[in-house]
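> next one to model:
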Amino acid sequence: MSARLRERKLSRSLILLLSAGIFLLAPVKQAHASELVAQREETEVNVATEIGTSSPQLPPGENTRQSLPDSQTSLNLTSEPTRLLLKLSERRLYVFVGEDLLVTYPVAIGKNTTPTPTGEYEVFQMISDPIWQNPWTGEVTAPGPDSALGLRWIGFWTDGTDYIGFHGTPTVNSIGNAASNGCVRMFNEDVVALFQQVKMGTTVVVEN
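Numbers count the residues shown, from 1 in each chain. I've put the predicted structure just below:
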């Protein structure tokens, strides 16, 4: 075989290898994700768009927390099933143990254009210190009270692509408003308490 022929074959092989390398290094198109939450064990899930946009400040007193005495919150939650009732018109979440009202929390709900879905659901996902990824910039926010998802995530609705649930928020002025993109925002201290009051399978009823 002539030197020139060997050189041509070698050049052709290098071109094929370079082409394969370019294909492998080409960026993979990301799957659709509005919000990304994850446990520190790297369990990831897409969540309905919820970026914690600012809302007009509420008049004084409208977002006041209302709850039963602290002694009531120590009830044995395993003796009776816990049930959540979210009343959208009241912007308020009610937590029942059996037929007894345990506590209520003020919340922010979905805007008219992105309403919180009504119906009966179950808690199917609970994540401490969720991680949020901005769906437009790709920036990942470290978990914590200033994250768009706050300190806890409790998922109760999904269509297989987007997810809706209760979560904390740094945008406290939105509480009491229809301000989110479907999710239910809560004060961080409230969602931490709720996280202890529910479990996987807890019934969630959402009504107008």
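> what's residue 136 in contact with, if anything?
Taking CB atoms under 8 Å, 6 or more residues apart in numbering, we find residue 136 in contact with no residue. C-betas here are computed from N, CA, C, even on glycine.
> that one and residue 146, how far apart?
For residue 136, the distance to residue 146 (CB to CB, to the nearest Å) stands at 18 Å.
> same question for residue 87.
Shown here: residue 87 relative to residue 146, a distance of 29 Å by CB to CB.
> do residue 152 as well
Counting by CB to CB, the separation of residue 152 from residue 146 is 14 Å.
> out of the two, which sits in the busier spot?
Comparing residue 152 with residue 146 by neighbour count (other CB atoms under 10 Å), the higher total belongs to residue 152, at 23 against 13.
> poorly predicted segments of this protein, please.
When residues are selected by pLDDT under 70, those of the chain lie in 1-79.
> quick one, helices of it?
Assigned by DSSP state H, the helices in the chain fall at 3-25, 188-197.
> what helices or strands is the last one leaning on?
Meaning helix 188-197. For helix 188-197, the elements it packs on are strand 92-97, strand 100-106, strand 152-158, strand 163-168, judged by 3 or more CB pairs under 8 Å, 6 or more residues apart in numbering; DSSP states H and E.
> relative to residue 116, which of those strands is closest?
For those, proximity to residue 116 was assessed by CB to CB; strand 163-168 is nearest, at 6.8 Å.
> what angle do the closest one and strand 92-97 make?
Going by axes from the mean of the first three to the mean of the last three CA atoms, to 10 degrees, strand 163-168 is angled at 90 degrees with respect to strand 92-97.
> can I get strand 163-168 in CSV, CA atoms only?
Extracted as CSV, the C-alpha positions of strand 163-168 are listed here (Å, rounded to 0.1, in the frame of the first residue of the first chain):
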residue,chain,number,x,y,z
TYR,A,163,-46.4,19.2,39.7
ILE,A,164,-48.4,21.2,42.2
GLY,A,165,-48.0,21.2,46.0
PHE,A,166,-47.6,23.1,49.2
HIS,A,167,-44.3,24.9,49.7
GLY,A,168,-42.6,27.7,51.6
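> that strand pairs with which strands, parallel or anti?
strand 152-158 (antiparallel), strand 184-186 (parallel) (DSSP bridges).
> which of those strands sits most buried?
strand 184-186 (a mean of 29; mean count of other CB atoms under 10 Å).
> residues touching that strand, excluding its own?
50, 52, 86, 93, 105-109, 116, 150, 164-169, 171, 174-175, 179, 194.
> mind doing that once more with 6 Å?
The contact list for strand 184-186, computed with CB atoms under 6 Å, 6 or more residues apart in numbering, reads 105, 107, 108, 166, 168, 169, 174.
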